[in-house]
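Engineer: Pasting the sequence and the predicted model now:
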Amino acid sequence: MAPSRRDSPGMSAVSVKQCLAGGIAAGSEVEVRGWVRTRRDSKAGLSFVQISDGSCQATLQIVAPSELDNYENEVKQLTAGASLIARGTLVESRGKGQAFEVKAAAIEVLGLVDDPETYPIQPKQHSLEFLREVAHLRPRTNTFGAVTRIRHSAAFAVHEFFTKEGFCWVNTPIITSSDAEGAGQMFRVSTLDLENLPRTDAGKVDASQDFFGREAFLTVSGQLNVEAYCLALSKVYTFGPTFRAENSNTARHLAEFWMIEPEIAFADLNDDADLAERFLKHVFKSVLEQRPDDMEFCEQRVQKGVIERLEKFLDASFERIDYGDAIEVLQKSGKKFEYAPDWGVDLQTEHERFLCEEHVGRPVVVMNYPRDIKAFYMRQNDDGKTVAAMDVLAPGIGEIIGGSQREERLDRLDARIAEMNLDASHYEWYRDLRRYGTVPHAGFGLGFERLLVYICGLANIRDAIPYPRVPGAAEY
RNA sequence: UCCUCGAUAGCUCAGUCGGUAGAGCAAGUGACUGUUAAUCACUGGGUCGUAGGUUCAAGUCCUACUCGAGGAGCCA
């Protein structure tokens, strides 16, 4: 990682991370750029300025001697948030707390803070609720720096995993005309003039005059579309934005979030569960390896125990349990649940957490759910009562992945579409996939922000995405 | 959407029985110091979320609304 050359002769622009990593020889001339975290003045004729440039969790100490031309009128005006470029010598620090520091020969102040008293990001612990109200400034905090770098590493690990396993990333459409699987309320996409809507003779809004010549929405899932690519490229996945217009106001829901949906051909539910296990372990392992400083920050300041939770996850093989057996286990557990477990009803969060935290003590895959509580595309089992669906439950959070083997038999699929009163005309192209060379296939879905919440130990999903969109709030 | 709790200085909070407002941090000034979220002293900073109501008197009690948090439902 050679420092890039800059205009100034003999001087290289380097990151805070590079300065602290030990890869640059002490005595080197360097240029660093960043934002001030704190400034401490010494009457010995120097100031200490801690700067961050986002390259790592740590800050770099700039030692600014009072001999600098702009010491009195600029350096001593530096407050949290101000931006600067420092040029000088990278030296071993005389003080404790850091191995290296930069002895500045010049400090160029790019931007002071207009009103330091009202600058929201102060060198102290802020509440996450408050920081949500300043979403444009919160990336300057330790917490959001860590989450942002971890988010990047996790996203990279997702692509790395699938690439190594021979998958193709397929960009399914964000604008869609079908309501997919009825997976929830959709955002409408329209260019019609809301003040003056075209009407049909029957008085309905005339969608044929809209941009796409029909109704259109933002996607709630790329799964149906990606199945088509699966039945040609064998191993595919989506990773993109997803939208749900549900009025859910919780720490686990966003109106706009990123979803990962792999789909594998010539595969059954067991293959699907195997894939989910390898996938989660790879992402967790990568993040632990690539962002130890940020994970340590999460451990200290976000939630104690997050690192150990991930390490344990890597070591544990997933337990697999049939839904019916899980219900029996819950009923015989002697544990009092707010909702009594009953065959035919979906597992509550309290049930899921009991299964993986108390009953098994490691991640659990619950398989073969009652068909009446699951989507039309899930493959019907021979017992006539269940479908080949699975949920991966993780200690500390509950469901983290939901997936299924898909119904590849046209007659069975048609029967389900009819049974559930879905409009068959919407699924013609989906039915084609079963008419032209159908094969068993399976896949799962995973909310990327929920994965981050688990990795970082965050309490609220709104802190796992840069600009959270939730009912009643789309500021910034 | 339902239930519960909350909103007081830039931030985090205290504010007793209803009697016109307080701390820590931050900011400003000074002292001190190769300092480490430095330390010490002083100073400035408030339409108590909004609108009504009760009262001689409301941060405090009542009503409505707005916003936030926790839980539930829905789900990823």
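Structural biologist: Nice, thanks for sending it over. All of these numbers come straight from a predicted model, not from anything done at the bench.
Engineer: Stretch A:243-250 vs RNA strand B: in contact?
Structural biologist: Yes: Stretch A:243-250 comes into contact with RNA strand B (Cβ under 7 Å from any atom of the strand), by way of A:Arg244, A:Glu246, A:Asn247, A:Ser248, A:Asn249, A:Thr250. The way it works is simple: take the backbone N, C-alpha and C, and place the C-beta from them, glycine included.
Engineer: pretty sure the fifth one contacts A:Val470?
Structural biologist: Yes: A:Asn249 lies in contact with A:Val470 (Cβ atoms under 8 Å); the separation is 6.7 Å.
Engineer: neighbour-wise, which of these two wins?
Structural biologist: Of the pair A:Asn249 and A:Val470, A:Val470 is the one with more neighbours under other Cβ atoms under 10 Å, namely 17 against 10.
Engineer: Surely A:Val158 touches A:Gly240?
Structural biologist: No: under the criterion of Cβ under 8 Å, A:Val158 makes no contact with A:Gly240, lying 11.4 Å away.
Engineer: if you count what's nearby, which of those two comes out ahead?
Structural biologist: Between A:Val158 and A:Gly240, A:Val158 has the larger neighbour count (other Cβ under 10 Å), namely 23 against 17.
Engineer: Not counting its neighbours along the chain, what's nearest A:Arg301?
Structural biologist: Nearest non-adjacent residue to A:Arg301, counting by Cβ to Cβ, 6 or more residues apart in numbering: A:Thr143, 6.7 Å away.
Engineer: in a helix, that's where the one you found is, yeah?
Structural biologist: Yes: per DSSP: H, G, I helix; E, B strand; the rest coil, A:Thr143 lies within a helix segment.
Engineer: Please list all residues in contact with it.
Structural biologist: By Cβ atoms under 8 Å, 6 or more residues apart in numbering, A:Thr143 lies in contact with A:Leu128, A:Leu131, A:Phe297, A:Arg301, A:Val302, A:Asp463.
Engineer: repeat for A:Val470
Structural biologist: Residues in contact with A:Val470 (Cβ under 8 Å, 6+ apart) are A:Asn249, A:His253, A:Leu254, A:Ala255, A:Arg462.
Engineer: per-residue pLDDT, it?
Structural biologist: Per-residue confidence (pLDDT) for A:Val470: 90.
Engineer: Okay, helices next: where are they in chain A?
Structural biologist: Listed in chain order, the helices of chain A (DSSP state H) span A:16-21, A:128-132, A:142-164, A:223-233, A:269-290, A:292-297, A:306-315, A:323-332, A:349-353, A:410-419, A:428-435, A:448-456.
Engineer: and the angle from the fourth one to helix A:428-435?
Structural biologist: This means helix A:223-233. 40 degrees (axes from the mean of the first three to the mean of the last three Cα atoms, to 10 degrees).
Engineer: What is the burial count for the closest residue to A:Trp258 other than its chain neighbours?
Structural biologist: With Cβ to Cβ, 6+ apart as the criterion, A:Trp258 has its nearest non-adjacent residue at 4.0 Å, and that residue is A:Phe448. A:Phe448 has 22 neighbouring residues, counting by other Cβ under 10 Å.
Engineer: before we move on, what about A:Glu92?
Structural biologist: Neighbourhood size, A:Glu92 [other Cβ under 10 Å]: 10.
Engineer: which ones are touching it?
Structural biologist: Counted by Cβ under 8 Å, 6+ apart, A:Glu92 has contacts A:Ala26, A:Ala99, A:Phe100.
Engineer: go on, A:Arg320?
Structural biologist: A:Ala273, A:Val364, A:Val365, A:Met367.
Engineer: could I get the helices of chain A as TSV with mean pLDDT and distance to A:Asp193?
Structural biologist: Shown next, in TSV, are the helices of chain A (pLDDT from 0 to 100; distance: least, Cβ to Cβ, whole Å):
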stretch	mean pLDDT	distance to A:Asp193
helix A:16-21	93	51
helix A:128-132	89	34
helix A:142-164	96	39
helix A:223-233	96	30
helix A:269-290	96	45
helix A:292-297	93	48
helix A:306-315	92	50
helix A:323-332	91	50
helix A:349-353	85	44
helix A:410-419	93	36
helix A:428-435	94	31
helix A:448-456	94	35
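Engineer: Pick the most deeply packed of those.
Structural biologist: Counting by mean count of other Cβ atoms under 10 Å, helix A:448-456 has the highest mean neighbour count of these, with a mean of 24.
Engineer: Can you check what angle separates it from helix A:142-164?
Structural biologist: Using the same axes, to 10 degrees: helix A:448-456 against helix A:142-164 is 110 degrees.
Engineer: Roughly how far does the closest residue to A:Gln223 other than its chain neighbours sit from A:Ser127?
Structural biologist: In this structure, A:Gln223 finds its nearest non-sequential neighbour in A:Glu261, 5.3 Å apart by Cβ to Cβ, 6+ apart. Look at A:Glu261 and A:Ser127: by Cβ to Cβ, to the nearest Å, they are 34 Å apart.
Engineer: So those two - more neighbours on which side?
Structural biologist: Legend: neighbour count by other Cβ under 10 Å for A:Glu261 and A:Ser127, higher for A:Glu261 (23 against 8).
Engineer: Wait, that one touches A:Asn225, no?
Structural biologist: No: the pair A:Glu261 / A:Asn225 is not scored as a contact, 9.6 Å apart, by Cβ under 8 Å.
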